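Colleague: Okay, sequence plus prediction incoming.
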Amino acid sequence: NAGVTQTPKFRILKIGQSMTLQCTQDMNHNYMYWYRQDPGMGLKLIYYSVGAGITDKGEVPNGYNVSRSTTEDFPLRLELAAPSQTSVYFCASSYSYNEQFFGPGTRLTVL
Amino acid sequence: DQQVKQNSPSLSVQEGRISILNCDYTNSMFDYFLWYKKYPAEGPTFLISISSIKDKNEDGRFTVFLNKSAKHLSLHIVPSQPGDSAVYFCAASGSDSWGKLQFGAGTQVVVTP
């Protein structure tokens, strides 16, 4: 099992550009999540999904969109990138609603 | 409004000694608490958890204690090993928030020889 995989590992964007962060899990988990971690801070929930076709906002959803067309994939879309979106992004999945398995992260810089 | 607080950003401990990491929370609806460990350039990995119906949970060298009246939990690592050097995050979830984890800011642990 690969667990949770994320691509790309690193990305530099210019202000106003868009991109999609990919996340795939092979554990057949229904629950998936996107977090961001800013320096010296804990992880903050951006969006989550309880199953294919169902998504909802987390704590910091502004500037992001998600979709969940399959159980395995949960891409995060950034539209009109801003410097405030410079962060490390983690995708996670879980079988139950508590113990979550995390991917290795995507480090995004917006200049 | 940070509902989970780890007030010690860093902790240095000698190999073989006990590491004690602390975490405070403000939301009385939290009923499940987790500790995650994170190495640089990796995602967090689950370490240990505790339900609010318990006050202690052990797993090998790791023990988590929960004091509900004080809204405080702690993670004990005994004995500390060099491989324990990492950032430790406390997280909490509650019946009013489905499974949305609230994370603390983390404590950097350095285990010295």
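Modeller: Right, received. Where do you want to start? Bear in mind the structure is a predicted one, so any value in this text is a computation, not a measurement. Numbers count the residues shown, from 1 in each chain, chains lettered A, B, ... in the order given.
Colleague: burial count for residue 38?
Modeller: Reading this off chain A. Burial measure for residue A:38: 14 neighbouring residues, criterion other C-beta atoms under 10 Å in any protein chain shown. Every C-beta, even on glycine, is put in place using the N, C-alpha and C of the backbone.
Colleague: actually chain B
Modeller: 21.
Colleague: do residue A:1 as well
Modeller: For residue A:1, the count of nearby residues is 8 (other C-beta under 10 Å).
Colleague: ok, now which ones touch the residue nearest the centre of chain A?
Modeller: In chain A, the C-alpha nearest the mean C-alpha coordinate belongs to residue A:34, at 3.2 Å (C-alpha atoms, centre = their mean). Residue A:34 makes contacts with A:21, A:23, A:45-48, A:58, A:64, A:66, A:74, A:76, A:89-92, as judged by C-beta atoms under 8 Å, 6 or more residues apart in numbering or on different chains.
Colleague: Out of those, list just those in helices.
Modeller: Cross-referencing the contacts of residue A:34 against helices under DSSP state H gives no overlap.
Colleague: Out of the residues you listed, which sit inside strands?
Modeller: If you go by DSSP state E, the contacts of residue A:34 have A:21, A:23, A:45-48, A:64, A:66, A:76, A:89-92 in strands.
Colleague: Any chance of those in JSON lines with distance to residue B:66 and neighbour count as columns?
Modeller: Shown next, in JSON lines, are these (distance: C-beta to C-beta, whole Å; neighbours: other C-beta atoms under 10 Å in any protein chain shown):
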{"residue": "A:21", "distance to residue B:66": "35", "neighbour count": "23"}
{"residue": "A:23", "distance to residue B:66": "32", "neighbour count": "25"}
{"residue": "A:45", "distance to residue B:66": "23", "neighbour count": "20"}
{"residue": "A:46", "distance to residue B:66": "28", "neighbour count": "24"}
{"residue": "A:47", "distance to residue B:66": "29", "neighbour count": "23"}
{"residue": "A:48", "distance to residue B:66": "25", "neighbour count": "27"}
{"residue": "A:64", "distance to residue B:66": "34", "neighbour count": "19"}
{"residue": "A:66", "distance to residue B:66": "33", "neighbour count": "23"}
{"residue": "A:76", "distance to residue B:66": "33", "neighbour count": "21"}
{"residue": "A:89", "distance to residue B:66": "31", "neighbour count": "23"}
{"residue": "A:90", "distance to residue B:66": "26", "neighbour count": "26"}
{"residue": "A:91", "distance to residue B:66": "29", "neighbour count": "29"}
{"residue": "A:92", "distance to residue B:66": "23", "neighbour count": "26"}
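Colleague: Closest one of those residues to residue B:107?
Modeller: Nearest to residue B:107 out of those is residue A:90 (C-beta to C-beta; 18.2 Å).
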